[in-house]
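Asks: I would like to see how this sequence folds:
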Amino acid sequence: MKIGILVTGHPPDELYDQFGEYDGMFRALLGGNGFEFQTYAVVDGEFPEDAHQADGWVITGSRHGAYEDHPWIPPLEQLIRDIQKTGNPLIGVCFGHQIIAQALGGKVEKFKDGWAIGRTDYRFGDQSVSLNAWHQDQVTQLPEGAVVTGTNDFCQNAMVTYGDTIWTVQAHPEYGNDFIQGLMETRGKGVVPDALMQAAANRHDAPDDNAKIGRHMAEFLKKARA
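Replies: Have a look, this model is predicted:
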């Protein structure tokens with residue numbers, strides 16, 4: 001099964017040598033499932049020929065806002081709608097979660113209550129999962145037909161499904177603690193309130209459920225494609 005990874009942003013230059021590009025994080029998260037991966041750096045204007053170029057798709061996170069005026073955002077929104085029409089599976093993470101909602105008729109905004117960073121707990125069905133968050137924007141209005149499948153008190157629309165073929169998550173199951181620490185040092189200072197960064201640092205060593213959500217993502221891709 002070929003998975004197209006739509007890269008919508010790049011890590012800070014200071015972290016690149018240690019962590020590489022975002023697509024590598026998803027290759028690691030989804031590894032061991034027999035997937036073949038193809039990366040498209042849509043943030044740099046590199047798009048697939050059409051929505052049939054892969055059997056399933058993943059849209060990464062980004063430092064950009066879904067509502068910002070970038071030349072690659074309208075064609076990405078159209079690609080999202082085209083992928084939905086094919087019936088092939090699509091997963092969006094953080095910015096990917098937001099741009100899918102926006103492309104399908106929802107609304108994304110800077111959240112009035114500010115940032116979520118570091119280890120964060122979510123209600124996911126009948127279980128609780130802990131994932132790393134890094135966002136100020138949120139999906140504040142869902143498209144018609146969207147169903148919330150994960151939530152917490154700060155982020156109501158934290159995980160969303162659209163029918164049987166699209167699943168999205170606001171948090172970052174691909175981010176480890178060390179990458180969050182790197183973001184706090186490179187992008188957080190002077191932007192994220194110090195108290196939030198200290199609280200995130202205090203939770204730095206808490207266990208996460210990245211592997212569990214990675215398995216959910218892989219199974220979702222395979223089941224939706226079957």
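Asks: Tell me where the protein has helices.
Replies: 13-19, 22-29, 73-86, 95-103, 177-183, 194-202, 210-225 (DSSP state H).
Asks: Let me see the contact set for Phe220.
Replies: Pro89, Ile91, Trp167 (C-beta atoms under 8 Å, 6 or more residues apart in numbering). Where C-beta positions appear, they are placed from N, C-alpha and C, glycine not excepted.
Asks: From those, pick the one nearest Pro173.
Replies: Set against Pro173, the nearest of those by C-beta to C-beta is Ile91 (10.1 Å).
Asks: Just list the residues touching the most centrally placed residue in the chain, thanks.
Replies: For the chain, the residue nearest the mean C-alpha position is Val93 (1.1 Å; C-alpha atoms, centre = their mean). Contacts for Val93 (C-beta under 8 Å, 6+ apart) come out as Phe26, Val58, Ile59, Thr60, Gly61, Thr168, Val169, Ala171, His172, Pro173, Glu174.
Asks: if you look at these, which of them are in strands?
Replies: Val58, Ile59, Thr168, Val169 (DSSP state E).
Asks: Kindly present those as CSV, with separate columns for distance to Ser130.
Replies: CSV is the format used below for those (distance: C-beta to C-beta, whole Å):
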residue, distance to Ser130
Val58, 21
Ile59, 23
Thr168, 18
Val169, 13
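Asks: Compile these into TSV and extend it with columns for pLDDT and distance to Asn202.
Replies: Below are those laid out as TSV (pLDDT from 0 to 100; distance: C-beta to C-beta, whole Å):
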residue	pLDDT	distance to Asn202
Val58	98	31
Ile59	98	31
Thr168	98	29
Val169	98	24
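Asks: Compile these into TSV and extend it with columns for neighbour count and distance to Asp69.
Replies: Putting the ones in strands among the contacts of Val93 into TSV (neighbours: other C-beta atoms under 10 Å; distance: C-beta to C-beta, whole Å) gives the following:
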residue	neighbour count	distance to Asp69
Val58	28	25
Ile59	29	19
Thr168	26	23
Val169	25	26
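Asks: List just the nearest of these to Lys85.
Replies: Ile59 (16.3 Å).
Asks: my read: the closest one touches Gln98, true?
Replies: No - using C-beta atoms under 8 Å, Ile59 is not in contact with Gln98, being 9.4 Å away.
Asks: quick one: common contacting residues for those two?
Replies: Gly92.
Asks: Near Ile91, how many other residues are there?
Replies: Close neighbours of Ile91, defined as other C-beta atoms under 10 Å, add up to 27.
Asks: show me the residues around it that make contact.
Replies: Neighbouring residues of Ile91 by C-beta under 8 Å, 6+ apart: Gly56, Trp57, Val58, Ile59, Ile166, Trp167, Thr168, Val169, Met217, Phe220, Leu221.
Asks: so what's the fourth one up against?
Replies: In other words, Ile59. Leu6, Thr8, Leu76, Ile80, Leu90, Ile91, Gly92, Val93, Phe95, Gly96, Ile99, Ile100.
Asks: ditto for the last one
Replies: For Leu221, the contact set (C-beta under 8 Å, 6+ apart) comprises Met1, Ile3, Leu30, Asn33, Phe35, Gly56, Pro89, Ile91.
Asks: quick one: Ala201 from Cys94, how far?
Replies: Per C-beta to C-beta, to the nearest Å, Ala201 is found 20 Å from Cys94.
Asks: For this structure, give me the ranges with low pLDDT.
Replies: 225-226 (pLDDT under 70).
Asks: Having no further points to raise, I will conclude here.
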